[in-house]
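# Here's a sequence, model it:
(one chain, ligands or ions: 1)
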Amino acid sequence: MNDFSKLADSVFRGDFSTVANLTKQLIDNGVDPLEIINKGLIEGMNIVAPKFKAGEMFVPEVMMAAKSMHTGLELVKPLIADSDVPSKGTVLMGTVKGDLHDIGKNLVVMILQSGGFKVIDLGVDVPAEKFVEAVKEHKPQIVGLSALLTTTMPAMKETINALQEVGLRDGLKILVGGAPVSQSFAKEIGANGYANDAMAAKELCENLLS
Ligand code: B12
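Residues are numbered from 1 along each chain as shown. Below is the predicted model of the structure:
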């Protein structure tokens, strides 16, 4: 088992201290932080996903895996968030109402920050009105909506409608993402774009603002 598979396995097992030790070890060995995230930390959640679906893992175990992943992310975060880079634009991010999943959204936030965007993170279970208030306050160029449940996908449309109703939609680029979301769904609800992972989200933000 190489270091990345060991890290992925410790995330999957929810073993915080091993995740912390292995992440520190990889950092000390000069491994690219994005590789640590992609080949180790995310890979661990990729082991979790099918097991959760098949009923072989339960919510408390998935929570432990998610927390372990966060432990690793917190360690690599300072290495990739470069505050000296001038801001490429402001992005407002949040997981829509009714949805508590934030691992993917947090990754998008981190990668955007590392790519020089200023990101305002509204957290999880964010109602449409809160997005509206935050757009008024922060005047972002881009709003990113995350949803992991098929039952919360309609809240994306509701958020876009709420922004439209108060006349804030036109100047904004709205991106959607999350496992059940697709390009065709994005088009259907009138979003400006969809990305299937954090790197693609960053490229999309750059393209939309260029
Ligand atoms: C971890 C997890 C949990 C954790 C969440 C912990 C946390 N802090 O996030 C816990 C245990 C709390 C949980 C709870 C539940 N979950 Co859950 N969960 C998952 C799981 C296993 C992994 C999700 C994940 O983190 N993936 C890893 C990240 C890196 O990937 P990602 O989120 O897709 O994000 C990437 C891209 O999508 C994209 N992206 C994400 N957001 C955005 C936004 C923008 C703007 C852009 C451009 C891109 C983008 O970039 C990200 C990074 O690359 C999925 C399985 C799956 N296949 O997705 C189920 C899953 C999403 N959960 C599911 C369910 C059913 C639930 C519960 C209802 C279970 C229950 N009975 O209580 C609850 C709902 C709670 C709620 N109200 O939200 C189902 C949803 C089924 C469906 N059809 O809707 C899934 C698919 C599992 C399954 N059954 O197959 N869950």
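
# Please count neighbours and contacts with C-alpha atoms only from this point.
Noted.

# What segments of this structure are helices?
Assigned by DSSP state H, the chain shows helices spanning 3-13, 16-28, 33-35, 42-53, 59-80, 103-114, 128-138, 153-165, 183-188, 198-209.

# For residue 142, which residues count as its bridge partners?
residue 91, residue 173 (DSSP bridges).

# contacting residues for it?
90, 91, 92, 172, 173, 174, 175, 205 (C-alpha atoms under 8 Å, 6 or more residues apart in numbering).

# Please report which of these has the highest neighbour count.
Compared across those, residue 205 has the highest neighbour count, 27 neighbours, by other C-alpha atoms under 10 Å.

# And the closest residue to that residue other than its chain neighbours, how close does it get to residue 107?
Using C-alpha to C-alpha, 6 or more residues apart in numbering and skipping the chain neighbours, the partner closest in space to residue 205 is residue 142 (7.5 Å). Using C-alpha to C-alpha, to the nearest Å, one gets 17 Å for the distance from residue 142 to residue 107.

# and what of residue 40?
Taking C-alpha to C-alpha, one finds residue 40 at 14 Å from residue 107.

# Looking at the two, which is more packed in?
Per other C-alpha under 10 Å, whichever of residue 40 and residue 107 has more neighbours is residue 40, with 26 against 19.

# What separation do you get for that one and the ligand?
11 Å (C-alpha to the nearest ligand atom, to the nearest Å).

# so who does that residue touch?
4, 5, 6, 7, 8.

# Just give me the neighbour total for the last one.
Okay, so that is residue 8. Other residues close to residue 8 by other C-alpha under 10 Å number 28.

# do the third one as well
The tally of other residues near residue 6 (other C-alpha under 10 Å) stands at 16.

# The second one too?
Applying other C-alpha under 10 Å, we find 15 residues neighbouring residue 5.

# who in this protein is up against the ligand?
With C-alpha under 6 Å from any ligand atom as the criterion, the chain meets the ligand at residues 42, 45, 48-49, 52-53, 59, 62-63, 66, 98-105, 107-108, 144-146, 148-151, 175-179, 194-198, 201.

# Please list only the buried members of those.
42, 45, 48, 62, 66, 98-105, 107-108, 144-146, 148-149, 175-178, 194-196, 198, 201 (16 or more other C-alpha atoms under 10 Å).

# Could you check how far residue 51 is from residue 165?
Applying C-alpha to C-alpha to residue 51 and residue 165 gives a distance of 42 Å.

# err, residue 31, not the other one
Distance from residue 31 to residue 165, by C-alpha to C-alpha: 48 Å.
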